[in-house]
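S.K.: what follows is a protein structure lacking sequence information:
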């Protein structure tokens with residue numbers, strides 16, 4: 001029952017936002033009455049927070065199936081696998097992401113939770129880029145945080161806009177990721193002159 005309520009809360013929250021996700025609607029989606037809901041959760045806030053936490057955990061578990069290695073070898077290939085998984089996850093959760101953006105800043109108790117997957121992805125890409133710099137695989141004069149933001153901005157834009165303006169995204173998602181990386185990797189590529197005096 002606990003899990004059923006969490007799943008129902010996530011579905012209703014994704015469709016209608018926090019205000020629209022009434023305990024009555026959540027209970028109905030779960031096939032129970034509100035009394036049963038409140039036996040498991042003290043408040044709507046607690047239930048929605050649990051639903052967001054569950055979704056973030058599921059997203060991170062999915063991304064961990066295509067991890068970025070601790071020691072980079074093939075920057076383009078390793079980033080392509082991870083960012084393609086990120087984009088497909090984003091696209092699958094498109095409605096929940098849109099709703100979450102609309103909720104941002106209205107309920108501080110949810111803000112940190114809503115950014116859980118994004119924080120994980122950013123941290124992983126930043127860590128990986130530092131490791132790639134240390135191995136001389138990419139330029140060291142580029143800030144790894146800014147480079148990660150540039151890469152992830154393309155993924156975010158694709159995830160948010162592909163349904164609204166499909167004509168702007170003519171390639172399949174995995175082909176788009178490969179192209180974003182080609183553009184970025186050429187800019188991040190280790191310079192042959194790096195470390196040379198002239």
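M.R.: Done, it's in. The structure displayed is predicted, hence computed values, not measured ones.
S.K.: where does the protein have low pLDDT?
M.R.: Along the chain, the parts satisfying pLDDT under 70 run over 190-198.
S.K.: per-domain residue ranges of it.
M.R.: Domain segmentation of the chain under automatic domain parsing yields 1-53, 64-188.
S.K.: possible to save those domains as JSON lines with mean neighbour count?
M.R.: Yep, even glycine has a C-beta here, placed from its N, CA and C like the rest. Output for the domains of the chain, formatted as JSON lines (neighbours: other Cβ atoms under 10 Å):
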{"stretch": "domain 1-53", "mean neighbour count": "17"}
{"stretch": "domain 64-188", "mean neighbour count": "16"}
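S.K.: now the terminal residues of stretch 99-114, how far apart.
M.R.: 10 Å (Cα to Cα, to the nearest Å).
S.K.: chain center to that stretch: distance?
M.R.: Distance of stretch 99-114 from its chain centroid, counting by Cα atoms, centre = their mean, to the nearest Å, is 14 Å.
S.K.: just the helices in the chain please.
M.R.: With DSSP state H, the ranges of helices along the chain come out as 2-20, 23-30, 34-40, 44-63, 75-92, 94-103, 108-114, 116-134, 144-161, 173-188.
S.K.: so which of these gets nearest residue 167?
M.R.: Of all the helices of the chain, it is helix 144-161 that lies closest to residue 167, at 10.6 Å by Cβ to Cβ.
S.K.: what is that closest one packed up against?
M.R.: Where contact means 3 or more Cβ pairs under 8 Å, 6 or more residues apart in numbering; DSSP states H and E, helix 144-161 is packed against helix 75-92, helix 94-103, helix 116-134, helix 173-188.
S.K.: 6 Å - rerun?
M.R.: Helix 144-161 sits against helix 75-92, helix 116-134, helix 173-188, with contacts defined as 3 or more Cβ pairs under 6 Å, 6 or more residues apart in numbering; DSSP states H and E.
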